[in-house]
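J.: Structure for the following, please:
(one chain, ligands or ions: 1)
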Amino acid sequence: MRYLIALLMLVVGAWTVTAAEAAGSIAVEHAWARASPKGAPNGVTYLTLVNNGMDADRLVAASSPIAESIQFHEEKSEDGVSKMRQLETIDVPPGASVTLKPSGIHLMMKLKQQLQEGQSFPLTLTFEKAGAIEVTVKIGKVGAMDDMSGM
Ligand SMILES: [Cu+2]
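T.: Below you'll find the predicted structure:
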């Protein structure tokens with residue numbers, strides 16, 4: 001019985017520590033954008049959202065000095081035709097990561113300026129629970145398929 005209680009306390013203790021560390025534990029990785037052709041009104045940013053916490057969180061807003069507005073879009077192929085629809089939020093389940101990538105979810109930016117290959121820009125992501133996180137987005141080639149090309 002004594003052993004059982006000790007074990008129980010150990011489990012509860014470990015759980016409490018994990019929960020405390022988990023508060024607002026959203027990480028943003030591999031933020032990259034495609035260079036925009038001259039005069040192009042829109043640009044796209046891709047990144048990976050990681051939720052190391054125990055609670056679900058969601059991306060609710062994004063902003064950048066280089067963009068008038070930023071929307072969340074999901075691209076889906078229906079009968080061979082690629083279609084985009086707007087998402088209100090991007091959900092990040094606990095212990096999971098969500099990768100925004102070509103032909104999937106992306107940040108659609110109404111550009112104020114051209115995105116030049118090799119440069120970078122700041123991006124502020126606002127999460128429902130984790131709050132605002134600022135990241136630096138690297139700009140790759142026009143039509144790049146991942147963050148390695150053109151770097
Ligand atoms: Cu889009």
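J.: drop to CA atoms for contacts and neighbour counts, all remaining ones
T.: OK.
J.: buried ones in stretch 107-120?
T.: Leu107, Met108, Met109, Lys110, Leu111, Gln113, Gln114, Leu115, Gln116, Glu117, Ser120 (16 or more other C-alpha atoms under 10 Å).
J.: Mind checking which of those residues are in strands?
T.: When the buried residues of stretch 107-120 are checked against strands (DSSP state E), the matches are Leu107, Met108, Met109, Lys110, Leu111, Ser120.
J.: Let's have those residues in JSON lines, adding pLDDT and distance to the ion.
T.: Formatted as JSON lines, these follow (pLDDT from 0 to 100; distance: C-alpha to the ion, whole Å):
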{"residue": "Leu107", "pLDDT": "98", "distance to the ion": "7"}
{"residue": "Met108", "pLDDT": "97", "distance to the ion": "5"}
{"residue": "Met109", "pLDDT": "98", "distance to the ion": "8"}
{"residue": "Lys110", "pLDDT": "98", "distance to the ion": "10"}
{"residue": "Leu111", "pLDDT": "98", "distance to the ion": "13"}
{"residue": "Ser120", "pLDDT": "98", "distance to the ion": "20"}
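J.: now the strands for the chain?
T.: Under DSSP E, the chain gives strands at 26-34, 42-51, 57-63, 67-78, 81-87, 90-92, 97-99, 105-111, 120-127, 131-140.
J.: Next, the contact list for the spatially closest residue to Met145 that is not a sequence neighbour, please.
T.: Counting by C-alpha to C-alpha, 6 or more residues apart in numbering, Met145 lies nearest to Pro102, which is 6.3 Å off, once chain neighbours are set aside. The contact partners of Pro102, taken as C-alpha atoms under 8 Å, 6 or more residues apart in numbering, are Tyr46, Met145, Asp146.
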